[in-house]
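[1] Need coordinates for the following:
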Amino acid sequence: MKAIYIEQYGNASQLILGELSKPEIADNQVLIKVHGAAVNPVDWMVREGFLQDSGEHQLPLILGWDAAGEIAEIGQDVNNFTVGDAVFTYAPIAKQGAYAEYIAVDSNLVAAKPQSIDTLTAAAVPLAATTAWQSLVYGCKLKAGDRVLIHNASGGVGSFAVQIAKSLGAYVIGTASASKADFVKSLGVDEFIDYRAQRFEDVVDEVDSVLAAVGGDDILQRSLPIIKSGGELVSLLDDVDIARAAEQNINAQRWWVTPSAADLKSIATLIDNGQMGVHIDRVFPLEDVKQAHALSESQRARGKIVLQVIA
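    Down below sits the predicted model:
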């Protein structure tokens, strides 16, 4: 099968377009014929060696863990799918990825794709939307009437997080650059902050939770004073000073997303009900993966980046 993979860690020059064997499935797995695969920051972080010392990966390694496509084969113990079903999945990062014509995934991590969007669009959803869903629902424990500040509301995770928070009935404040103001406002934020023109801590206070979908700029420490006592601080990138947060009666945590078909089903419902849109910055053909990684690394994408695997 055609695939994008690496044989050693490093920059984008290590990305190889070549032929690898089609994966064989276990009894509890399905084989997905991949139509589209999203590009996420974790992809190029792994490419550069982020998990090199973990022992989880074997080279050659296929990158990318977001996929949408159709069921090509089912294992003998699988009874919730049939060949030809349109599905999407966030596959475990410890396994081989989705920048390939086929990916083998445990069937309990796969969900029917949203009916209201096409397969390429569905590929943009799983990892980022699951991260947003879990960090807000389980991390921030967000509920109707809460005030939440979302840092980097224009990014892949942030754009989903704004919409999920609104669907839960929260009052949403989002930060981004001025050039992305219209986009973030279109997502439904109640307040927009241009982080380059304003210090968020000068204009926001007494929020119930903060979701930091970006790192650097001392953003976590600056967020602590604006959170109510008993509130939540969830970081997706930088490590959290849990002890310092606890001194202010704030529950702080670094969030690690977990693949979940149940969460994907909840997300699909939001999409099909019109409560969440999927915003794609650009679709690249599989052979242009280096350009796709460059755009992701630039942190200038507005929404998601997708590779079209099967034309």
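
[2] Contacts made by stretch 180-196 with the rest, please.
    For stretch 180-196, contacts defined as Cβ atoms under 8 Å, 6 or more residues apart in numbering pick out 150-151, 153-154, 159, 162-163, 166, 171-178, 200, 203-204, 277, 279, 302-303. For every residue, glycine as well, the C-beta is placed using N, CA and C.

[3] could you flag which of these are buried?
    When neighbours are counted using 16 or more other Cβ atoms under 10 Å, the contacts of stretch 180-196 contain these buried positions: 150-151, 153-154, 159, 162-163, 166, 171-176, 200, 204, 277, 279, 302-303.

[4] So which of those belong to helices?
    With DSSP state H as the criterion, helices contain 159, 162-163, 166, 200 from among the buried ones among the contacts of stretch 180-196.

[5] Check the secondary structure at Gly18 for me.
    Three-state call for Gly18 (DSSP: H, G, I helix; E, B strand; the rest coil): strand.

[6] what does the one 3 residues further on give?
    Three states are possible here, and by three-state DSSP the one that applies to Ser21 is coil.

[7] pLDDT averaged over the helix or strand hosting Met45, what's the number?
    Taking DSSP states H and E as the criterion, Met45 maps to helix 41-47. For helix 41-47, mean pLDDT rounds to 95.

[8] how close does the residue most central in space within the chain get to Leu270?
    With distances taken as Cα atoms, centre = their mean, Ala128 lies nearest the centre of the chain, 1.5 Å away. In this structure, Ala128 lies at 13 Å from Leu270, with Cβ to Cβ, to the nearest Å as the measure.

[9] With Leu187 instead?
    13 Å.

[10] now do Asp217
    From Asp217 across to Leu270, the span is 30 Å (Cβ to Cβ).

[11] neighbour-wise, which of these two wins?
    Summary of the neighbour comparison: Asp217 and Leu270, criterion other Cβ atoms under 10 Å, with Leu270 having more neighbours (19 against 12).

[12] So that one belongs to a helix, correct?
    Yes: in this structure, Leu270 lies within a helix as judged by three-state DSSP.

[13] Grab the longest strand from the protein for me.
    Taking DSSP state E as the criterion, the chain has its longest strand at strand 29-39.

[14] Please name every helix or strand in contact with that one.
    With contacts defined as 3 or more Cβ pairs under 8 Å, 6 or more residues apart in numbering; DSSP states H and E, the secondary structure elements packing on strand 29-39 are strand 66-74, strand 86-90, strand 102-106, helix 119-123, helix 126-134, helix 289-298, strand 304-308.

[15] Give me the mean pLDDT for the fourth one.
    The one in question is helix 119-123. Predicted confidence along helix 119-123 averages 97 (mean pLDDT).

[16] can you check the longest one too?
    Looking at helix 289-298 alone, the average pLDDT works out to 96.

[17] What of the first one?
    Taken as a whole, strand 66-74 carries a mean pLDDT of 98.

[18] wait, is Asp263 part of a helix?
    Yes: the assignment for Asp263 by three-state DSSP puts it in a helix.

[19] coming back round to it: now do the buried residues in the helix holding Met45.
    Of all the residues in helix 41-47, those buried under the rule 16+ other Cβ under 10 Å are 41-44, 46-47.
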